[in-house]
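S.K.: the sequence and its predicted three-dimensional model are supplied below.
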Amino acid sequence: MNVKRIFGTILTILGIIGLIFTGYELINKNTDYISLTVIGVIALIFFFAGIGLVKNTKDAA
């Protein structure tokens, strides 16, 4: 059981959910741009950190 890989997967999924939420709210013309920007940036950080963890973690066979 590789904890880093599982944590990376969770971070990636949270990032995808955050990016989808941000895109959905922008399409629906939500006028609260400050909070959408913060959510989008945090989602991008989660997404790329998760991808990095999954990509750089070696399999322990």
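M.R.: Received, thanks. The shown structure was predicted, so the numbers you read here are calculated from the model rather than taken from an experiment. Residues are numbered from 1 along each chain as shown.
S.K.: use CA for all of it now, contacts and neighbours both
M.R.: Noted.
S.K.: tell me the contacts of residue 17?
M.R.: residue 43 (CA atoms under 8 Å, 6 or more residues apart in numbering).
S.K.: secondary structure element for it?
M.R.: helix 3-27 (DSSP states H and E).
S.K.: repeat for residue 43
M.R.: helix 33-56.
S.K.: can you get me a residue count around residue 44?
M.R.: By the measure other CA atoms under 10 Å, the count of residues near residue 44 is 18.
S.K.: can you list the weak-confidence ranges in this structure?
M.R.: Residues of the chain meeting the criterion pLDDT under 70: 1, 60-61.
S.K.: what about residue 13, distance to residue 21?
M.R.: For residue 13, the distance to residue 21 equals 12 Å [CA to CA, to the nearest Å].
S.K.: buried sites along the helix holding residue 17?
M.R.: 5, 8-16, 18-19, 21-22 (16 or more other CA atoms under 10 Å).
S.K.: out of these, which is nearest to residue 59?
M.R.: residue 5 (8.9 Å; CA to CA).
S.K.: thought the closest one was touching residue 52?
M.R.: No. Using CA atoms under 8 Å, residue 5 is not in contact with residue 52, being 9.7 Å away.
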